[in-house]
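Visitor: Just the structure for this:
(chains A and B)
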Amino acid sequence: MSVRLAVTVGAVSLANPVLAASGTFGYGLDLLEFCPPEALGAVVTKGLSPRPRRGNPTPRIVETAAGMINAIGLQNIGVDAFCREALPDLRARGATVVVNVFGERMEEYVEVIGRCERDDGIAAYELNVSCPNVTAGGMEFGHDPGQLETLTAMCRSATRRPLWVKLSPNAPDLVATARAAVEGGTEALTLINTVRAMAIDAEARRPVLANACGGLSGPAIKPIALRMVWEVHTALPAVPLVGIGGIETGRDVVEFLLAGASAVQVGTAIFRDPAAPLRIVAELERFCEAHDVEDVTDLVGGLQWR
Amino acid sequence: MIARRDLAVTVAERAELSPTCFRLVLETADEVAAVPGQFGMLACGGGLDPLLRRALSIAGVSRRGGVARVELMVKQVGPGTAALHALPTGTSLRFLAPLGNGFTLTPVEGARLGLVAGGIGLPPLLFAAERLASRNVAFDLLLGAATAAELLELDRCRAAVAAAGGELVVTTDDASAGEPGFVTTALERRLDGGRRYGRVLACGPNPMLAEVTRLARERGLAAELSLEEPMACGVGVCLGCVVETEDGRYVATCKEGPVFPVERLAARWWP
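Guide: Below you'll find the predicted structure:
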């Protein structure tokens, strides 16, 4: 039996539902010999700001039980360098590219999108309104439904390309922020970003990270991510969702699709294994074969309960 | 650039080197063309905890039959390295290697190379020492540890140094073997005594590298440092392992290092 793996997220068609998550796959060309970007549903770029960002002081990462905490601080080469240095190669390879957009002020999101609009080969924008590791912008916009709606509407009017908003699990009211992003004009929602967390060095009596707090990722957060995807899908069943949080296997993907995601992103697993996304696609295909699922889309929202 | 690959390896040997350090020999059917200073990311087993691979400097590569043998030295510092210590021989693992750059091993006219190793900083320098010995390039090896029991691979260090006609200098912090005090004090003493090093290659704890940096700057000495920073991916995408360079940028140790010329690092990188 051949399994149909192609999915759509709103207007975006993807060859399969497995994407590489922002901040774990560089600018799409860093791990070519392990995972060519065109073999994935899409690649989501490292968060891009209008100008290069230096990022946070070190230590920036710490491993925790079945997870890790990072406080990278959105170090990136800037949108212009991305468009000049990486985008042409991604386009030539036929990769589906989602640009992750970040700004400290709302105008900066529009500035990043404006620069990208000059180039072909971008399938969608993903607004990063949920980074827990920067003091300005980011999470502020993601936690306040009013601001999020305004930001999304500003970005919406800056492009005709599809817009995704990446939601924070740290917002006081997840469904309210999801609704606000949809009111602002987003086609789809990505969830979840990292969970704000902390590690402490008992010997030194100090936080491990220079930033004190950071974002927890990896299998430790998968149950939280599943719950949030399910809640948002239940509240807003017509809105396409991209699930993310601790995905390590094809079976994990199935769980996210059942909860209501149309596609998923693989992040921290890439740090463990640079070929993880390809392995996960193969595992998903095998799961479908073994369970007589002819089209992965049939799994989306297929959770049976009550 | 030598192609990096996610090698299927088996644990062929484990041997205790000190109360805290052990040697792991990995075997693989693949070719491994690593140079001294390069490292690899070794999975600690199959589970989700510990989640990440461990970055380990390569201490040597050889071939026996059709099989490549990669030698590592590991210090047990936490659950990941304890899991590695507990792996039975024959265990299959993944080792992503070789990664990063290496030390400059070309000889310098009229001067020896100075290899400076502190504690578990030895692996890349033992690899370098044995390469230099095989090419008959003269070098001194200065090897420091906290105690006599923590001096690693002394016989091999002695043999490599003897082959190229250099000096082996041993130091311990507690004066239980060799010269008392830090290995950088021994380095300074030799420089004061008129010893000239065409290039110093160093790996060890950060305070040691800071001291090598000070000596190199004060005396106009060429020096290369191999750094160790917390790493998640080893391939330049997580940006967890950055160091600050003299131009104020953060660069990934795994990709632009782990070996850096002293002048490339920001002065304020060292406390």
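
Visitor: pLDDT wise, what is the single nearest residue of chain B relative to chain A at?
Guide: Scanning chain B for proximity to chain A using C-beta to the nearest C-beta identifies B:G240 as nearest, at 3.4 Å. Every C-beta, even on glycine, is put in place using the N, C-alpha and C of the backbone. Looking at B:G240, its pLDDT reads 97.

Visitor: show me what contacts it?
Guide: Contacts for B:G240 (C-beta atoms under 8 Å, 6 or more residues apart in numbering or on different chains) come out as A:R60, A:I61, A:N70, A:I72, B:E229, B:P230, B:M231, B:A232, B:C233.

Visitor: list the contacts for the third one?
Guide: Think A:N70. Here A:N70 is in contact with A:G23, A:R60, A:I61, A:N133, A:T194, A:G214, A:G215, A:S217, B:A232, B:C238, B:G240 (C-beta under 8 Å, 6+ apart).

Visitor: Tell me the secondary structure of the spatially closest residue to the second one that is not a sequence neighbour, please.
Guide: Distance criterion C-beta to C-beta, 6 or more residues apart in numbering or on different chains; nearest residue to A:R60, sequence neighbours excluded, is B:G240 at 5.0 Å. B:G240 falls in the coil class when you classify it by DSSP: H, G, I helix; E, B strand; the rest coil.

Visitor: can you give me the strands in the stretch 151-271 of chain B?
Guide: Assigned by DSSP state E, counting those that start in this stretch, the stretch 151-271 of chain B shows strands spanning B:168-172, B:179-180, B:197-203, B:223-226, B:242-244, B:250-252, B:259-261.

Visitor: And stretch A:245-253, what's buried?
Guide: By neighbour count with 16 or more other C-beta atoms under 10 Å in any protein chain shown, stretch A:245-253 contains the buried residues A:G245, A:G246, A:I247, A:E248, A:T249, A:G250, A:D252, A:V253.

Visitor: count of neighbours near residue 236?
Guide: Unless you meant another one, I'm taking chain A. Around A:L236 there are 17 other residues, counting by other C-beta atoms under 10 Å in any protein chain shown.

Visitor: wrong chain, I was asking about chain B
Guide: A count of nearby residues for B:G236, using other C-beta under 10 Å, gives 18.

Visitor: do you know how far it is from A:Q304?
Guide: Distance from B:G236 to A:Q304, counting by C-beta to C-beta, to the nearest Å: 43 Å.

Visitor: do B:F95 as well
Guide: 43 Å.

Visitor: Look at these two and report which has more neighbours.
Guide: Taking other C-beta under 10 Å, B:F95 and A:Q304 do not tie; B:F95 has more neighbours (24 against 5).

Visitor: Adjacent strands (with direction) for the strand or helix carrying the more buried one?
Guide: Taking DSSP states H and E as the criterion, B:F95 maps to strand B:92-99. Applying DSSP bridges to the sheet, strand B:92-99 is found paired with strand B:5-16 (antiparallel), strand B:39-42 (antiparallel).

Visitor: what about the shortest one, distance to the chain center?
Guide: Read that as strand B:39-42. Offset of strand B:39-42 from its chain centre (C-alpha atoms, centre = their mean, to the nearest Å): 12 Å.

Visitor: What of the longest one?
Guide: Here the centre of mass of C-alpha atoms in strand B:5-16, compared against the chain's by C-alpha atoms, centre = their mean, lies 18 Å away.

Visitor: need the next SSE after it, C-terminal direction.
Guide: Downstream of strand B:5-16 (by DSSP H and E), the next one is strand B:21-28.

Visitor: Please compute how far that following strand lies from its chain's middle.
Guide: Taking C-alpha atoms, centre = their mean, the mean C-alpha location of strand B:21-28 is offset from the chain mean by 15 Å.

Visitor: Around chain A, which positions in chain B sit nearby?
Guide: Taking C-beta under 8 Å from any C-beta of the partner chain as the contact definition, chain B meets chain A at B:3-6, B:43, B:48-53, B:80, B:94, B:96, B:229-233, B:235-243, B:248-250.

Visitor: Narrow those residues to just the buried residues.
Guide: Listed as buried from those are B:4-6, B:43, B:48-53, B:80, B:94, B:96, B:229-233, B:235-243, B:250; burial here means 16+ other C-beta under 10 Å.

Visitor: which stretches of chain A have low pLDDT?
Guide: Low-confidence segments of chain A, defined by pLDDT under 70, span residues A:1, A:131-139.

Visitor: thinking again about what came up before, by neighbours, which of the contacts of A:N70 wins?
Guide: Busiest of those [other C-beta under 10 Å] is A:S217, holding 31 neighbours.

Visitor: List the contacts of it.
Guide: Each residue near A:S217 by C-beta under 8 Å, 6+ apart is listed here: A:G67, A:M68, A:I69, A:N70, A:T194, A:V195, A:G245, A:G246, A:G267, A:T268.

Visitor: Number of residues surrounding the spatially closest residue to it that is not a sequence neighbour?
Guide: Nearest residue to A:S217 in three dimensions, chain neighbours excluded: A:T268, at 4.5 Å (C-beta to C-beta, 6+ apart). Using other C-beta under 10 Å, the number of residues around A:T268 comes to 31.

Visitor: Now the most centrally placed residue in chain B: phi and psi?
Guide: Central residue of chain B (C-alpha atoms, centre = their mean): B:P124, 3.0 Å from the mean position. Dihedral angles phi and psi of B:P124 (degrees, to the nearest 10) take the values phi -70, psi -30.

Visitor: Could you report the separation of it from B:A138?
Guide: B:P124 is 19 Å from B:A138, where distance means C-beta to C-beta.

Visitor: Repeat that for B:A129.
Guide: Distance, B:A129 to B:A138, by C-beta to C-beta: 11 Å.

Visitor: B:V74 too?
Guide: Noted for B:V74: a distance of 30 Å to B:A138, by C-beta to C-beta.

Visitor: These two: which has the busier surroundings?
Guide: Ranked by neighbour count (other C-beta under 10 Å), B:V74 and B:A138 place B:V74 first, with 24 against 17.

Visitor: Would you verify that the more buried one is located in a strand?
Guide: Yes: if the criterion is three-state DSSP, then B:V74 is within a strand.

Visitor: give me the beta-bridge partners of it?
Guide: With DSSP bridges as the rule, B:V74 is bridged to B:F22.

Visitor: If I follow the layout properly, it ends up in contact with B:A86?
Guide: No: counting by C-beta atoms under 8 Å, B:V74 does not reach B:A86; the two are 11.6 Å apart.

Visitor: hmm, back to that, could I get the strands of the stretch 151-271 of chain B as JSON lines with distance to B:E153?
Guide: Formatted as JSON lines, these follow (distance: least, C-beta to C-beta, whole Å):
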{"stretch": "strand B:168-172", "distance to B:E153": "11"}
{"stretch": "strand B:179-180", "distance to B:E153": "18"}
{"stretch": "strand B:197-203", "distance to B:E153": "14"}
{"stretch": "strand B:223-226", "distance to B:E153": "17"}
{"stretch": "strand B:242-244", "distance to B:E153": "27"}
{"stretch": "strand B:250-252", "distance to B:E153": "29"}
{"stretch": "strand B:259-261", "distance to B:E153": "20"}
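
Visitor: nearest to A:V99, of those strands?
Guide: Closest approach to A:V99 among the strands of the stretch 151-271 of chain B is made by strand B:250-252 (21.7 Å; C-beta to C-beta).
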